[in-house]
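>>> Turn this into a structure:
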Amino acid sequence: MTEQGEWRDYVVDKVRDETDKIVEAFAAADPPRTIAVATRDGGLDFMYSVGEILIREDHVDRALETLEQPPRRELPDDRFETIIDGVTLFKLGEGPFSLVPDALEQIDRELGAGIATPNHVLTVATGQGGGCSATEPEPVYYEMDPFPSVCPDGGAGVLIYMADTGLLADAATHTWLKYGVRMGNPAEDVDPLQAGPPEIQACTGHGTFGAGVLRCMAPDAQIIMTRALSNCGSTVESDLVPVLESALSLGADIFHLTIACLSRNDQPLIGFEVWLDHVRRSGAICLAPAGNCGFARPEYPAGFPEVIAVGALGSDWRGRATFSNFGPWVDVYAPGRDIVNAFATGSYECYVYPYGPHDGQPGQTRNFYGMAKWSGTSFSTPIVTGLIAARMSRTGETARRSAAALLAEAREHAIPGVGPVLLPHCGGHHEPGHREECCCGHRHRHDRC
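Residues are numbered from 1 along each chain as shown. Predicted structure coming up:
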């Protein structure tokens with residue numbers, strides 16, 4: 001594998017369309033970044049920033065020697081950047097190992113695997129096609145109710161930090177998002193619409209949709225939304241980890257990260273590894289989507305044992321959604337197909353095959369009026385986050401205790417061939433046969449809301 005390879009020749013159409021958008025977004029960013037793509041079995045292996053690697057701090061000197069670089073004291077300071085205590089970004093520059101794949105193979109041979117990694121791209125789309133999340137958003141009837149529905153209460157006193165695409169400026173027009181949901185920084189975390197007339201760009205509205213799903217389960221929870229994924233729903237590890245480290249000072253109970261990343265050799269992300277240790281010590285918990293590739297290969301950060309990995313159920317809530325990743329590393333499954341919630345108003349041109357441009361024809365245009373139907377583990381995850389927050393406010397438990405109790409409950413009611421399952425519900429216990437008020441506002445048995 002080289003950084004100059006024609007990756008487009010080795011992937012299916014929908015993967016090409018989606019990945020092109022991400023690569024172009026990074027190239028147009030300020031400052032611009034060149035993204036390389038490694039392929040595998042007709043899809044992506046992983047994506048990474050060209051010319052940069054992350055190294056564990058206590059191995060930097062040996063890594064430089066291995067790469068035939070001068071000692072650190074003789075190199076310019078701007079070739080190094082501390083991502084988080086214990087992990088350093090190194091810019092390769094000129095030399096015999098100037099390409100990321102060559103440098104990492106050399107370090108692996110000499111020092112062992114896991115010492116250095118690429119500066120991976122993390123994205124809401126997970127790199128296997130289908131637009132942001134598993135599908136591109138679909139229009140629904142004007143003023144359609146959210147599905148699952150809004151609970152009457154739940155989540156009071158719980159603070160949730162969401163890393164996503166930001167918040168739409170008109171999000172508060174939806175009653176379940178009117179209070180208690182704010183941007184971390186209004187100047188930076190607004191999810192922009194292209195003006196006059198409104199054109200909805202790829203991944204726009206993703207954060208607002210996810211926050212809406214969460215608030216339907218826990219309408220009294222407080223949410224801080226950040227536009228951490230500003231490059232067509234993507235970022236790189238070196239940019240995101242410092243933001244998350246700084247966010248620890250906010251005192252959030254739950255970190256909800258709508259990101260997934262396929263990594264080189266399925267190795268953990270070393271910057272995230274350090275940050276998650278800090279999260280554990282703070283008493284907070286972290287949730288992330290399992291990803292939408294439809295296979296058992298782990299994606300990160302969901303693949304870390306400390307993170308609650310959420311997969312998606314299909315539209316009947318009885319089987320796994322075909323797009324959902326799976327395996328023993330996935331902790332729980334929740335509905336993720338055909339979810340309805342808050343979205344942007346404007347026109348949207350599909351860009352992923354078969355609805356995107358092909359055979360000389362333009363992409364399909366879809367018109368939206370503030371609501372959408374969307375699918376993906378990005379939207380099964382906020383259901384679980386919301387249920388944890390609602391339980392915390394109801395029982396007075398910590399986030400860790402509430403999550404453990406709900407996961408134990410999910411394991412008791414696992415679906416054969418799928419795994420532990422949590423269905424949307426409002427208050428009380430989620431047990432098949434238990435009568436209580438459900439997500440759809442009726443009192444009946446919880447075999448299916």
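
>>> what's the pLDDT at Gly42?
At Gly42, the model reports a pLDDT of 74.

>>> which non-adjacent residue is nearest it?
With Cβ to Cβ, 6 or more residues apart in numbering as the criterion, Gly42 has its nearest non-adjacent residue at 5.1 Å, and that residue is Val12. Quick note: C-beta positions are derived from backbone N, CA and C, even for glycine.

>>> ok now do Ala202, which residues does it touch?
Lys21, Gly131, Cys132, Cys232, Gly233, Tyr351 (Cβ atoms under 8 Å, 6 or more residues apart in numbering).

>>> Can you tell me the element the fourth one falls in?
Element membership for Cys232, per DSSP states H and E: none, as it lies in no helix or strand.

>>> Need the phi and psi values for the closest residue to it other than its chain neighbours.
In space, Cys232 comes closest to Ala25 once its chain neighbours are excluded; the distance is 3.7 Å by Cβ to Cβ, 6+ apart. Note on Ala25: its backbone torsions stand at phi -60, psi -40 [degrees, to the nearest 10].

>>> And Met183, how close does it get to Met225?
Using Cβ to Cβ, to the nearest Å, one gets 6 Å for the distance from Met183 to Met225.

>>> Mutual contacts of the two, please.
Each of Gly166, Leu167, Asp189 lies in contact with both Met183 and Met225 under the rule Cβ under 8 Å, 6+ apart.

>>> Now, those that are in helices?
Using DSSP state H, no member of those sits in helices.

>>> List just the nearest of the residues you listed to Tyr179.
In terms of Cβ to Cβ, no member of these lies closer to Tyr179 than Leu167, at 13.3 Å.

>>> If that closest one is in a bridge, with which residues?
Counting by DSSP bridges, Leu167 is bridged to Val190.

>>> which residues does it contact?
Val181, Arg182, Met183, Asp189, Val190, Asp191, Gly207, Thr208, Ala211, Met225, Arg227.

>>> now Glu24
Contacts of Glu24 by Cβ under 8 Å, 6+ apart are Cys232.

>>> secondary structure class for it?
helix (DSSP: H, G, I helix; E, B strand; the rest coil).

>>> can you dump the C-alpha coordinates of stretch 158-175 into CSV?
Provided in CSV are the C-alpha atoms of stretch 158-175 (Å, rounded to 0.1, in the frame of the first residue of the first chain):
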residue,chain,number,x,y,z
VAL,A,158,-28.0,14.8,33.8
LEU,A,159,-25.4,16.6,31.6
ILE,A,160,-24.5,15.0,28.2
TYR,A,161,-21.6,16.1,25.9
MET,A,162,-22.3,15.3,22.3
ALA,A,163,-19.5,15.4,19.7
ASP,A,164,-21.3,15.5,16.3
THR,A,165,-21.8,17.9,13.4
GLY,A,166,-23.2,20.7,15.5
LEU,A,167,-26.7,22.1,16.0
LEU,A,168,-28.9,23.7,13.4
ALA,A,169,-29.7,27.3,14.1
ASP,A,170,-33.4,26.6,14.1
ALA,A,171,-33.3,23.4,16.2
ALA,A,172,-35.3,25.1,18.9
THR,A,173,-38.4,25.2,16.6
HIS,A,174,-38.8,21.6,17.7
THR,A,175,-40.4,21.5,21.1
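
>>> mind listing what Ile53 touches?
Ile53 makes contact with Leu89, Phe90, Leu92, Val100, Ala103, Leu104, Ile107, Ala116, Thr117, Pro118, Asn119, according to Cβ under 8 Å, 6+ apart.
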